[in-house]
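Trainee: Sequence first, predicted model second:
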There are 2 protein chains.
Amino acid sequence: MKIILLADDFVKFYYESVDTDPVRLAHLYCDSSMLTYENEKEPFYGKDAIIKKLCDQRLAFQRVAHVRNTITAQPANGGALILVTGTVMFDEERPVNYVQTFQLLPDGQGNVFVLNDIFKLIFG
Amino acid sequence: MKIILLADDFVKFYYESVDTDPVRLAHLYCDSSMLTYENEKEPFYGKDAIIKKLCDQRLAFQRVAHVRNTITAQPANGGALILVTGTVMFDEERPVNYVQTFQLLPDGQGNVFVLNDIFKLIFG
């Protein structure tokens, strides 16, 4: 139950922020965090590179709107593994299915950080 | 590089087995493993419950065929977090998009086991 609440709160905050001002997510990433965005071969490593990528991605459009369809979470290593499915609209284009998986881990100070973050668009 | 090889080998073996004889996957799950299948609220916990679910799911059809489109992996907790996207065909029905995420962890004996496994179909 705690895992579900953690996952729901995190996911809500994540997409509100990533659609408006991704800098608000900075405190959730640290030096060991990784983000693989779409078909890029190598992950972005560390908070600075990840937040820059999320900001660049946001600023490439006038408007980005994620709509979550499902959130599934399991406990993992003292944190949670989360799988989100939904649709995302870039500007006024047709919504595209996406999937994103996160691993949240305890930071040792009562909060969590994102260790793993993988985002994929699903076409067709 | 090692993570990518591990992920590729695991994913190939996983889908070959799940489409034919899921019992072959038994050594990859242990008592702490979890599988959330589609929209079921609660995960299946532990090797026996997971392998039973995979077998029941397989036996519900004459033929099940997963085709992987993308495999993305990141290192995580000494193992790997893997996100697979693809299509799955149940009997002769139209292929449906699916996504599956796995967390593989070292078992302390030079092999890996599946801690987390979440499978979702993506409609529309």
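Mentor: Okay, I see it. Residues are numbered from 1 along each chain as shown, chains lettered A, B, ... in the order given.
Trainee: With the flanking residues excluded, which residue is spatially nearest to residue A:24?
Mentor: Nearest non-adjacent residue to residue A:24, counting by Cβ to Cβ, 6 or more residues apart in numbering or on different chains: residue A:17, 4.1 Å away. (Glycine included, C-beta is placed from N, CA and C.)
Trainee: Flag every buried residue along the helix or strand that contains that neighbour.
Mentor: Taking DSSP states H and E as the definition, residue A:17 sits inside helix A:2-20. Within helix A:2-20, the residues scored as buried using 16 or more other Cβ atoms under 10 Å in any protein chain shown are A:3, A:6-7, A:10-11, A:14-15, A:17-18.
Trainee: Tell me which helix or strand comes right after it.
Mentor: Scanning forward in sequence from helix A:2-20 by DSSP H and E, the next helix or strand is strand A:34-37.
Trainee: ok, now which ones touch residue A:122?
Mentor: Taking Cβ atoms under 8 Å, 6 or more residues apart in numbering or on different chains as the criterion, residue A:122 is in contact with A:96-99, B:85, B:97, B:99, B:122.
Trainee: Mind telling me what element the closest residue to it other than its chain neighbours is part of?
Mentor: Excluding its sequence neighbours, the residue lying closest to residue A:122 (Cβ to Cβ, 6+ apart) is residue A:97, at 4.0 Å. Taking DSSP H and E as the criterion, residue A:97 maps to strand A:96-106.
Trainee: Let's see the distance spanning stretch A:80-99 from one end to the other.
Mentor: Criterion Cα to Cα, to the nearest Å; first-to-last residue distance in stretch A:80-99 is 17 Å.
Trainee: One more: stretch A:55-66?
Mentor: Stretch A:55-66: ends 15 Å apart by Cα to Cα.
Trainee: Please list the residues of chain A that sit near chain B.
Mentor: Taking Cβ under 8 Å from any Cβ of the partner chain, the part of chain A that reaches chain B is made up of A:34, A:36, A:39, A:43, A:70, A:72, A:74-77, A:81, A:83, A:85, A:97, A:99, A:101, A:103, A:115-116, A:118, A:120, A:122, A:124.
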